[in-house]
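Engineer: Quick check, what structure comes out for this input:
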Amino acid sequence: MRRAIAFAAVASAKIYFKETFDDHWQDRWVVSDWKKASGEAGEFKLTAGDYFGDAEADKGIQTSQDARFYDISAKFPEFSNKGKDLVIQFSVKHTQNLDCGGGYVKVFPAGLDQEHMTGDSDYNIMFGPDVCGHTKRVHVIFTNKGKNHLIKKNIMCETDQLTHVYTLVVHPDNTYEVRIDGTTKESGSLFDDWDILLPKLIKDPSQSKPSNWVDNPKMDDPNDVKPEGYDAIPKQIPDPEATRPDDWDTDADGEWEAPMIDNPDYKGPWRAKQIDNPDYKGPWIHPEIENPDYVHDDTLYSYESFGAIGIDIWQVKSGTIFDNILISDSVSEAEAFLAETYLKNKDVEKEAFNAKEKKRTEAEEAARKAADEERKKSAGDEEEEDEDKPKVEL
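Structural biologist: The predicted structure is shown next:
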């Protein structure tokens, strides 16, 4: 039996939560009653899907009903990431070729009311892929003083039907890294890539753009004069090549007039030529001053309490499989877990998926040919019936 969940310490590294989902996963996870009364709550099922690298090791929990909310959580011993790295990692497989739905997780402080968890339950970090229409991004949201802050960078997520692993690393120097399948896709500073703190500089409220400031780089040429008769040129003229039809009846049809066509000499409303504006000063830049309300905080990365992880998503089309969840203070532990799960099985899974797609394509082609043959046969039978009918001579 696979080890499904663990809380352990290896040297100085700590694994706070590890879940690979076995037959007893429901003993560790609590389904929220949110949306149950309205019939909008979806159910998870344990499966590796119909293509995988390892039938047992690749089992995870899969969304199983379309157009449903999915809310489920698991607890672990409370900890703080103060002074330590924080690593959140999990895998997602969109077997349904997802067109609209979430694939992210939320990490909560201790004390989460699991049975009544909702989309409004307070969380510390939300992380993972989200797909809906043209939106295909990795969410990285930090909660600070009761407000959720979304990363300002656009990190593209994977959108195929294979397993992908999402890893968020938050360092105590207030830097971060987002990895997909072990490859760094984005990194930077919590100060720069989120608007968590107030800006250090603000526009000087005592300054405003001077009324005589010229910010138009071009101007009308004062020496350019509209040609005489320019406004008299019509936009359309009678077609000079048109002739009255031979069967035109003036008494019945009225006086014949040539159809109108666009006038090739018409140039539109007259506008003076543009020249460089000698008074142009460039764009006006509002002077800035130090923000008196700015307060620096070196602990943006830090949360006093972590105690639960949850999935809180809406999906139009179900079929997403979540698996191999890890929360740790060790990047190396996450890398080792990635190697023994995703990297070990990804090639076999891809081969299985390609074989499945080939079989599906062949079945569709066979069905199309059978339908064509059936149509041809039906058309031939109708022709024979027509030939067998007695002909009536008139």
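
Engineer: C-alpha from now on. contacts and neighbour counts both.
Structural biologist: Fine.

Engineer: any idea how far residue 101 lies from residue 173?
Structural biologist: 33 Å (CA to CA, to the nearest Å).

Engineer: In terms of neighbours, single out the busier of the two.
Structural biologist: The neighbour count for residue 101 versus residue 173, taken as other CA atoms under 10 Å, is higher for residue 101 (22 against 16).

Engineer: Secondary structure element holding the residue nearest to residue 170 when sequence neighbours are not counted?
Structural biologist: Once flanking residues are discounted, residue 170 sits nearest to residue 176: 4.5 Å by CA to CA, 6 or more residues apart in numbering. In this assignment (DSSP states H and E), residue 176 forms part of strand 175-180.

Engineer: Neighbouring strands of that strand in the sheet, and parallel or not?
Structural biologist: strand 163-170 (antiparallel), strand 183-189 (antiparallel) (DSSP bridges).

Engineer: Any figure for the gap between the residue most central in space within the chain and residue 182?
Structural biologist: What sits nearest the mean C-alpha location of the chain, by CA atoms, centre = their mean, is residue 136, with 2.0 Å. Here the criterion is CA to CA. By it, residue 136 lies 19 Å from residue 182.

Engineer: Kindly report the same for residue 326.
Structural biologist: According to CA to CA, residue 326 and residue 182 sit 14 Å apart.

Engineer: Which residue of those two possesses the greater neighbour count?
Structural biologist: Neighbour totals were compared for residue 326 and residue 182, and residue 326 leads with 24 against 17 (other CA under 10 Å).

Engineer: Report how many residues lie close to the closest residue in space to the more buried one that isn't next to it in sequence.
Structural biologist: Nearest non-adjacent residue to residue 326, counting by CA to CA, 6+ apart: residue 18, 4.6 Å away. Residues within reach of residue 18, counting by other CA under 10 Å, total 22.

Engineer: and residue 204, what does it touch?
Structural biologist: Contact partners of residue 204, counting by CA atoms under 8 Å, 6 or more residues apart in numbering, are 286, 287, 288, 289.

Engineer: One more pass at 6 Å, please.
Structural biologist: Residue 204 makes contact with 287, 288, 289, according to CA atoms under 6 Å, 6 or more residues apart in numbering.

Engineer: and the residues you listed as a markdown table, adding neighbour count and distance to residue 204?
Structural biologist: Below are the contacts of residue 204 laid out as a markdown table (neighbours: other CA atoms under 10 Å; distance: CA to CA, whole Å):
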| residue | neighbour count | distance to residue 204 |
| --- | --- | --- |
| 287 | 14 | 6 |
| 288 | 13 | 5 |
| 289 | 12 | 6 |
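
Engineer: Keep only those of these that are in strands.
Structural biologist: Using DSSP state E, the subset of the contacts of residue 204 located in strands is 288, 289.

Engineer: mind giving me JSON lines with the contacts of residue 204 and columns for pLDDT?
Structural biologist: Formatted as JSON lines, the contacts of residue 204 follow (pLDDT from 0 to 100):
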{"residue": "287", "pLDDT": "96"}
{"residue": "288", "pLDDT": "96"}
{"residue": "289", "pLDDT": "97"}
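
Engineer: wait, which of the contacts of residue 204 is closest to residue 357?
Structural biologist: residue 288 (58.6 Å; CA to CA).

Engineer: close enough to count as contact, the closest one and residue 199?
Structural biologist: No: in this structure, residue 288 is not within contact of residue 199 by CA atoms under 6 Å, at 11.0 Å.

Engineer: hang on, the earlier thing: could you report the neighbour count for the residue nearest to residue 170?
Structural biologist: Number of residues near residue 176 (other CA under 10 Å) recorded here: 20.

Engineer: For it, give me its contacts.
Structural biologist: Here residue 176 is in contact with 169, 170, 187, 188 (criterion: CA under 6 Å, 6+ apart).

Engineer: let's see it at 10 Å
Structural biologist: 85-87, 168-170, 186-190, 193, 301 (CA atoms under 10 Å, 6 or more residues apart in numbering).

Engineer: so can I have CSV of those showing pLDDT?
Structural biologist: CSV is the format used below for these (pLDDT from 0 to 100):
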residue, pLDDT
85, 98
86, 98
87, 98
168, 98
169, 98
170, 98
186, 98
187, 98
188, 98
189, 98
190, 98
193, 98
301, 98
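
Engineer: Turn the residues you listed into JSON lines, including neighbour count.
Structural biologist: Shown next, in JSON lines, are the contacts of residue 176 (neighbours: other CA atoms under 10 Å):
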{"residue": "85", "neighbour count": "21"}
{"residue": "86", "neighbour count": "21"}
{"residue": "87", "neighbour count": "24"}
{"residue": "168", "neighbour count": "23"}
{"residue": "169", "neighbour count": "20"}
{"residue": "170", "neighbour count": "23"}
{"residue": "186", "neighbour count": "15"}
{"residue": "187", "neighbour count": "16"}
{"residue": "188", "neighbour count": "12"}
{"residue": "189", "neighbour count": "15"}
{"residue": "190", "neighbour count": "21"}
{"residue": "193", "neighbour count": "16"}
{"residue": "301", "neighbour count": "24"}
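
Engineer: As a markdown table, the strands paired with strand 175-180 with distance to residue 229 would be great.
Structural biologist: Below are those laid out as a markdown table (distance: least, CA to CA, whole Å):
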| stretch | distance to residue 229 |
| --- | --- |
| strand 163-170 | 70 |
| strand 183-189 | 63 |
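
Engineer: excluding its backbone neighbours, what's nearest residue 283?
Structural biologist: Counting by CA to CA, 6+ apart, the residue nearest residue 283 is residue 215, at 5.4 Å.

Engineer: List the contacts of the one you found.
Structural biologist: Counting by CA under 10 Å, 6+ apart, residue 215 makes contact with 277, 279, 280, 281, 282, 283, 284.

Engineer: same thing but at 7 Å, please
Structural biologist: 280, 281, 282, 283 (CA atoms under 7 Å, 6 or more residues apart in numbering).
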